[in-house]
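K.L.:
no letters, just coordinates:
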């Protein structure tokens, strides 16, 4: 069964206050949510699978015993219903139809009404498959255009390629290698501040687990203990971990493949504001299995790889990993165009403090926002997101290109949460959501926000005018953002 990950986002919320005119709800301080149904993200539902989503309410009257829940606009997917009493609600049932379902939930207590917008996706549970079985022939005197279709999988943002053979000369396959369309960011939760000692008050990196649904990994910034944490999308701590090392300036966290066919967590001790460090390094940790109940802090085994940059020191706050090759990449934090570097592969235990490896510079000729503080790569190794304090762009790997070629693209800018010290962003495991969070930065809370990508139609087109006659055999591959792939062999006869 495929994993179900959070996908919906809060689009807007309105408060009609008792005795006052209805007005847009405005937080009293940056990062503080006064009125909100929680979570602000609903898990995807699976077709014909039992579904339960617990809901809560934060704000005035949250303990009101006569609080009434109802769907005031739009509709839940067929088979689901909303029930609720006082400050808790529940969406449950078994959805019977695939699709995207926008709706609004209203809470009524006396003359007060709070309305919040959601959207819930019901996805197919079948494996990813190309549903086009054959293609018609063509002619050198007529334009050719045929669509191919796919269904299933657990991601969005489908990309297409010819994985074997060749198309007839003159025909091309639309690879759909484009950045996604991202919706507005909505409140997901606040990072837990109850651990004490400043823990989780300066979160500088976040990444989603690919094998443990709903788990995210985070760490604090400079001056903190060498600790990292498993949290959920609402910011609750699931378990704390530590490394037997020091943390000079941990700036980002990433995930990628490693030895033994398991997923690894990569932690970048790479911050260098003064441009004088001689001990920059990354740590690699086999991803721990998060327990059902938090326990005492766990010491995790790790490997460390020291490095230097060609041409001298630089300050980086962004690390990401190519999921195809397992190669870690670092992106510079500068006011102008950043430099991008990658590690030689495979990583080696010989890269010690006395014998650091020299990284390889990658051509970065694309369009970049200034002062980049965070980034991540999608599991399908097709897209990269980079953010600064108040801006963000997503980049797509060009058809037939390498992962390095991503950094030569213009990218697509999209609106991003800001207002505090945002230094962390990641894709969800299925690539259909973006999560971003901030340091507490003197505010009352450290919020997590999430945005969803638009649903892809999972279609592509072979088009053009054939230039040569003959029989042409080839194989088409489709890949979704969760890394699922499917192939099918085709033949086009050109006369």
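P.N.:
Thanks, I have the structure now. Predicted, not measured: the structure shown is a model, and the values here were computed from it. Residues are numbered from 1 along each chain as shown.
K.L.:
and residue 206, how close does it get to residue 319?
P.N.:
As judged by Cβ to Cβ, to the nearest Å, residue 206 and residue 319 stand 12 Å apart. All C-beta spots, glycine's among them, are computed from the backbone N, C-alpha and C.
K.L.:
need the strands for the stretch 351-495 of the chain, in chain order.
P.N.:
With strands called from DSSP state E, counting those that start in this stretch, the stretch 351-495 of the chain shows them at 357-358, 360-362, 372-377, 383-388, 392-396, 412-413, 421-427, 433-439, 447-452, 459-464, 470-479, 485-494.
K.L.:
go ahead and confirm residue 454 touches residue 181.
P.N.:
Yes - under the criterion of Cβ atoms under 8 Å, residue 454 makes contact with residue 181 at 4.2 Å.
K.L.:
mind listing what the most centrally placed residue in the chain touches?
P.N.:
Nearest to the mean C-alpha position of the chain, counting by Cα atoms, centre = their mean, stands residue 427 at 0.9 Å. Going by Cβ atoms under 8 Å, 6 or more residues apart in numbering, residue 427 touches 208, 376, 377, 378, 379, 383, 385, 433, 434, 435, 481.
K.L.:
in the strand or helix carrying residue 204, what counts as buried?
P.N.:
Secondary structure assigned from DSSP states H and E places residue 204 in strand 203-208. Neighbour counts over strand 203-208 (16 or more other Cβ atoms under 10 Å) mark 203, 204, 205, 206, 207, 208 as buried.
K.L.:
run through the bridge partners of the residue nearest to the third one when sequence neighbours are not counted.
P.N.:
Leaving out its chain neighbours, the residue that sits closest to residue 205 by Cβ to Cβ, 6 or more residues apart in numbering is residue 253, at 3.6 Å. The partner list for residue 253 in beta bridges (DSSP bridges) reads residue 267.
K.L.:
verify the stated contact: residue 253 with residue 227.
P.N.:
No - the pair residue 253 and residue 227 fails to qualify as a contact (Cβ under 8 Å) at a distance of 11.7 Å.
K.L.:
overlap in contacts, the two.
P.N.:
Contact criterion Cβ under 8 Å, 6+ apart; residues shared by residue 253 and residue 227: residue 219.
K.L.:
re earlier: for the residue nearest to the centre of the chain, give me the pLDDT.
P.N.:
Note on residue 427: pLDDT of 96.
K.L.:
count of residues packed around residue 98?
P.N.:
16 (other Cβ atoms under 10 Å).
K.L.:
let me see the contact set for it.
P.N.:
So residue 98 contacts 47, 122, 123, 124 (Cβ under 8 Å, 6+ apart).
K.L.:
go on, residue 282?
P.N.:
Applying Cβ under 8 Å, 6+ apart, we find residue 282 in contact with 266, 267, 268, 269, 270, 304, 305, 307, 319, 328, 343.
K.L.:
of these, which is the nearest to residue 73?
P.N.:
Nearest to residue 73 among the contacts of residue 282: residue 319, at 42.3 Å, using Cβ to Cβ.
K.L.:
from residue 280, how far out is the closest one?
P.N.:
Distance of residue 319 to residue 280, given as Cβ to Cβ: 11 Å.
K.L.:
still on that earlier bit, what pairs with the residue nearest to the centre of the chain across the strands?
P.N.:
residue 434.
K.L.:
what's the PyMOL line that selects buried ones from the contacts of residue 282?
P.N.:
This is how PyMOL selects the buried members of these, with burial counted by 16+ other Cβ under 10 Å:
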select buried, resi 266+267+268+269+270+304+305+307+319+328+343
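K.L.:
related to what we said a few turns ago, give me the contacts around the strand holding residue 204.
P.N.:
Contacts for strand 203-208 (Cβ under 8 Å, 6+ apart): 5, 191, 215-221, 250-255, 265, 267-268, 317, 319, 373-374, 376, 423-429, 435-439, 446.
K.L.:
per-residue pLDDT, the closest residue to residue 349 other than its chain neighbours?
P.N.:
Leaving out its chain neighbours, the residue that sits closest to residue 349 by Cβ to Cβ, 6+ apart is residue 303, at 6.7 Å. Looking at residue 303, its pLDDT is 97.
K.L.:
and residue 33, by the same measure?
P.N.:
Listed pLDDT for residue 33 reads 43.
K.L.:
next one: the one 5 residues further on
P.N.:
According to the model's per-residue confidence, residue 38 sits at a pLDDT of 77.
K.L.:
one step back: show me the contacts for the residue nearest to residue 349.
P.N.:
With Cβ under 8 Å, 6+ apart, residue 303 has these contacts: 283, 284, 347, 349.
K.L.:
ok, 10 Å please
P.N.:
258, 259, 264, 282, 283, 284, 285, 286, 347, 348, 349, 351 (Cβ atoms under 10 Å, 6 or more residues apart in numbering).
K.L.:
only whichever of these are buried, select them in ChimeraX.
P.N.:
If you want just the buried ones from the contacts of residue 303 in ChimeraX, going by 16+ other Cβ under 10 Å, the selection is:
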select :258,264,282,283,284,285,286,347,351
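K.L.:
tally of neighbours for residue 186?
P.N.:
A count of nearby residues for residue 186, using other Cβ under 10 Å, gives 24.
K.L.:
sounds good, over and out.
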